[in-house]
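# Make a model of this:
(one chain, ligands or ions: 3)
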Amino acid sequence: MAGEAPELSAQERAGKAFPVSWDQFHRDCRALTWRLNEVGPFHAVIAITRGGLVPAAIVARELGVRVIDTVCIASYDHNKQGELQVLKGISEAAMKLGGGTGKGLLIVDDLVDTGKTGRLVREMLPDAHFATVYAKPMGRPLVDTFITEVSQDTWIFFPWDTALSFQPPLRDGAA
Ligand SMILES: O=P(O)(O)OC[C@H]1O[C@H](OP(=O)(O)OP(=O)(O)O)[C@H](O)[C@@H]1O
Ligand SMILES: Nc1nc2[nH]cnc2c(=O)[nH]1
Ligand SMILES: [Mg+2]
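Ligands and ions are numbered 1, 2, ... in the order given. I've put the predicted structure just below:
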C-alpha cells in the first residue's frame with residue numbers, strides 16, 4: 001500500500017553482518033567436535049536440514065558416527081521466518097536407536113536464532129543432545145553445546161549462501 005514502510009526481513013533487522021568462510025566454518029565445527037567428544041558416544045547424528053547438513057557431516061566424520069538421519073524443517077523463506085513446517089520427521093530406525101526419546105542421539109544445526117526450530121526438534125527428541133556451531137542469546141538456552149555466541153542483532157552469512165565479490169574501497173563511499 002502506498003505510504004506504508006516495507007516490512008524488514010530478519011536479515012535487515014539484524015543490522016550486523018557476520019560472514020563465515022569455509023575455513024572458519026570447518027575450524028568451528030572441529031572445535032565443536034572436541035567438546036562433543038567429552039559428552040558422547042552417540043548412536044546417530046540427526047541433522048536439521050538444510051543448514052545442519054554441513055556441520056553434521058563434519059562432526060560425524062570426526063566422531064566416527066556413520067548413522068546420520070535428517071529432520072527436514074522449513075521456516076525462513078530466504079530471510080523471513082514464517083510458520084515452521086516439518087517436511088520430513090525423524091526415521092523409525094533413528095527413533096529406535098534413541099529408545100523413543102532420543103537418548104544417545106546428537107542433534108546438529110548450524111545455528112539457533114529465536115530458538116523456534118530447535119525447540120520443535122527438542123520436543124521430538126527430549127533426551128537427545130543438541131549442538132549448534134553458532135548461537136544467538138534467544139536460542140542459547142535450548143542448546144547443550146555450541147562454539148560461538150553472536151548478538152541477537154547479527155546475521156550470520158554461511159559460505160554456502162555467499163560468494164566472493166568485489167568491494168569498492170572505503171574512500172569511494174563503501175560503508
Ligand atoms: O532459531 P530459529 O529462529 O528457528 O532459526 C534457526 C534456524 O534458521 C535457519 O534455518 P532455515 O529455516 O533458514 O532453513 P535452512 O536450514 O534450510 O536454510 C538455521 O539453519 C536454523 O535451522
Ligand atoms: N544464514 C542465516 N540464517 C538464519 N536463520 C536464522 N538466523 C539466521 C542467520 O543469522 N543467518
Ligand atoms: Mg536450518
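# OK, contacts around Lys88?
Thr70, Val71, Cys72 (CB atoms under 8 Å, 6 or more residues apart in numbering). Heads up, the C-betas are built off the backbone N, CA and C, glycines and all.
# Residues in a beta bridge with the second one, which ones?
Meaning Val71. Using DSSP bridges, the beta-bridge partners of Val71 come out as Ile48.
# mind listing what it touches?
Here Val71 is in contact with Ile46, Ala47, Ile48, Thr49, Val86, Lys88, Gly89, Ile90, Ile107, Val121, Met124 (CB under 8 Å, 6+ apart).
# Output the helix ranked longest in the chain as PDB, nothing but the C-alphas.
Counting residues, the longest helix found in the chain (DSSP state H) is helix 22-37. Only the C-alpha atoms of helix 22-37 are listed here, as PDB (Å, rounded to 0.1, in the frame of the first residue of the first chain):
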ATOM      1  CA  TRP A  22      34.600 -22.300   4.600                       C
ATOM      2  CA  ASP A  23      37.900 -22.500   6.500                       C
ATOM      3  CA  GLN A  24      36.400 -20.800   9.500                       C
ATOM      4  CA  PHE A  25      33.300 -22.900   9.500                       C
ATOM      5  CA  HIS A  26      35.400 -26.100   9.300                       C
ATOM      6  CA  ARG A  27      37.500 -24.900  12.200                       C
ATOM      7  CA  ASP A  28      34.500 -24.100  14.300                       C
ATOM      8  CA  CYS A  29      32.900 -27.500  13.500                       C
ATOM      9  CA  ARG A  30      36.100 -29.200  14.600                       C
ATOM     10  CA  ALA A  31      36.100 -27.200  17.800                       C
ATOM     11  CA  LEU A  32      32.500 -28.200  18.400                       C
ATOM     12  CA  THR A  33      33.500 -31.900  18.000                       C
ATOM     13  CA  TRP A  34      36.200 -31.600  20.600                       C
ATOM     14  CA  ARG A  35      33.600 -30.600  23.100                       C
ATOM     15  CA  LEU A  36      31.100 -33.200  21.900                       C
ATOM     16  CA  ASN A  37      33.700 -35.900  22.200                       C
END
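# Now, the contacts of Val71 that are in helices?
Reading helices off the contacts of Val71 with DSSP H, I get Val121, Met124.
# and the worst-scoring helix or strand of the chain on mean pLDDT, how far out from the chain's middle?
Least confident helix or strand, the chain: helix 10-14 with a mean of 74, by mean pLDDT, DSSP states H and E. A distance of 17 Å separates the centroid of the chain from that of helix 10-14, by CA atoms, centre = their mean, to the nearest Å.
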